[in-house]
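Colleague: turn this into a structure:
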Amino acid sequence: MPNISFTKAVALGNDFVILDGRDRFISLTTDQIQILANRRQGVGCDQVILILPPTDPQAHIRLKFYNADGSEAGACGNGTRCIARLIMEREAIDNVCIQTDRALCQATWADGSRGEDAGISVTLGKPRFEWDDIPLAHPEALQDISYKTTASFCVNVGNPHVIFFVNDVDEIPLAYIGPQIENHRSFPERVNVGFAQIVNEGMLRLRVWERGAGYTMACGTGACAAAVAAIHQQFVPSGQSPLRIIQEGGEVLVDWRQGYPITMTGSAQIKFQGEIQV
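Modeller: The predicted model follows:
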């Protein structure tokens, strides 16, 4: 295969290799995705994102997301913000409609400001709560997980997430418990595993073990899932939105009200461009 041009982008320490397949056909095998994501043999990233022509006439572009292990993801909140910045900067536009497998995502500059430090707001669609939308193996499957916490909750925000609410996220042996829950029989498509701590009524701390990527410094859909879970379960006061979600790589604001799509606002940076043969 000839060299592939790529763009490297980062949002809160969550990093991405972006490939533009609008003008040339790009088809990657699982092995090639793993090489691209490998931090010693390739470029290195948590996810590979492929930009494609849209199939929905409302959309500007369409995205495919691949985890570092080569598996496909349905959504990527931090990655979508990076793509939005890339497209809006390159094309000098103020908003962009992005098609994913799960939703049409509307993105714009936060507060109408531009520039290197400007944030990006992106609407990611409505959360889903039914057991077969997560999906779970059966309606009571979450009870099969033996890990003890104060509360747990499942939601699909483009990807399946399980959120455990704990007193202190720093006490969780995430590298040990994360892969066990990710691959638990309760989750037929595996699951993203989040541990959330309620700091106050407007702020959560969060650590996430991502399906197909492992521990990452931040997870955009994980932040959305934690905020939705806290609001839905009334762990924060009704109407308390947006919530600040603090992760190792930084923070995002997540705004959600019952019956409406989720909106997430945070930083995104384009780091460099290059070529690689895989």
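Colleague: going by C-alpha atoms from here, please, whenever you check contacts or count neighbours.
Modeller: Noted.
Colleague: in the stretch 151-278 of the chain, where is pLDDT below threshold?
Modeller: Counting by pLDDT under 70, the stretch 151-278 of the chain contains low-confidence ranges at 238.
Colleague: burial count for residue 30?
Modeller: A count of nearby residues for residue 30, using other CA atoms under 10 Å, gives 14.
Colleague: do residue 192 as well
Modeller: 28.
Colleague: all strands of the stretch 101-250 of the chain, in order?
Modeller: Per DSSP state E, counting those that start in this stretch, the stretch 101-250 of the chain carries strands over the ranges 104-109, 120-123, 151-156, 160-165, 192-200, 203-210, 214-215, 243-247, 250-255.
Colleague: of all these, which lies closest to residue 65?
Modeller: Closest approach to residue 65 among the strands of the stretch 101-250 of the chain is made by strand 203-210 (13.2 Å; CA to CA).
Colleague: what strands flank that closest one, and is each parallel or antiparallel?
Modeller: According to DSSP bridges, strand 203-210 forms sheet pairs with strand 192-200 (antiparallel), strand 214-215 (antiparallel), strand 243-247 (parallel).
Colleague: which residues does the last one contact?
Modeller: Going back to what we said before, that points to strand 243-247. Residues outside strand 243-247 that contact it (CA atoms under 8 Å, 6 or more residues apart in numbering): 202-207, 217-218, 223, 227, 251-255.
Colleague: can you point out the buried residues in that strand?
Modeller: For strand 243-247, the neighbour count (16 or more other CA atoms under 10 Å) marks 243, 244, 245, 246, 247 as buried.
Colleague: then the first one?
Modeller: Applying a neighbour-count criterion of 16+ other CA under 10 Å, the buried positions in strand 192-200 are 192, 193, 194, 195, 196, 197, 198.
Colleague: any regions of the stretch 1-150 of the chain where pLDDT drops low?
Modeller: For the stretch 1-150 of the chain, applying pLDDT under 70 flags the ranges 1, 146-150.
Colleague: in stretch 108-128, what's buried?
Modeller: Under the neighbour-count criterion of 16+ other CA under 10 Å, stretch 108-128 has 108-110, 114, 118-128 buried.
Colleague: again but with stretch 82-98, I slipped
Modeller: Residues 82, 83, 84, 85, 86, 87, 88, 94, 95, 96, 97, 98 are the ones in stretch 82-98 that count as buried (16+ other CA under 10 Å).
Colleague: residues touching the closest residue to residue 112 other than its chain neighbours, list them.
Modeller: Closest residue to residue 112 apart from its sequence neighbours, by CA to CA, 6 or more residues apart in numbering: residue 94 at 7.9 Å. Residue 94 is in contact with 88, 108, 109, 112, counting by CA under 8 Å, 6+ apart.
Colleague: repeat for residue 192
Modeller: 159, 160, 161, 162, 182, 208, 209, 210, 211, 222.
Colleague: any idea how far residue 181 is from the first one?
Modeller: The gap separating residue 159 from residue 181 is 15 Å, by CA to CA, to the nearest Å.
Colleague: for the closest residue to residue 206 other than its chain neighbours, name its beta-bridge partners.
Modeller: What sits nearest to residue 206 in space, not counting adjacent residues and going by CA to CA, 6+ apart, is residue 196, at 4.5 Å. Residues in a beta bridge with residue 196, per DSSP bridges, are residue 165, residue 206.
Colleague: what's the answer for residue 265, then?
Modeller: Beta bridges link residue 265 to residue 121, residue 253, judged by DSSP bridges.
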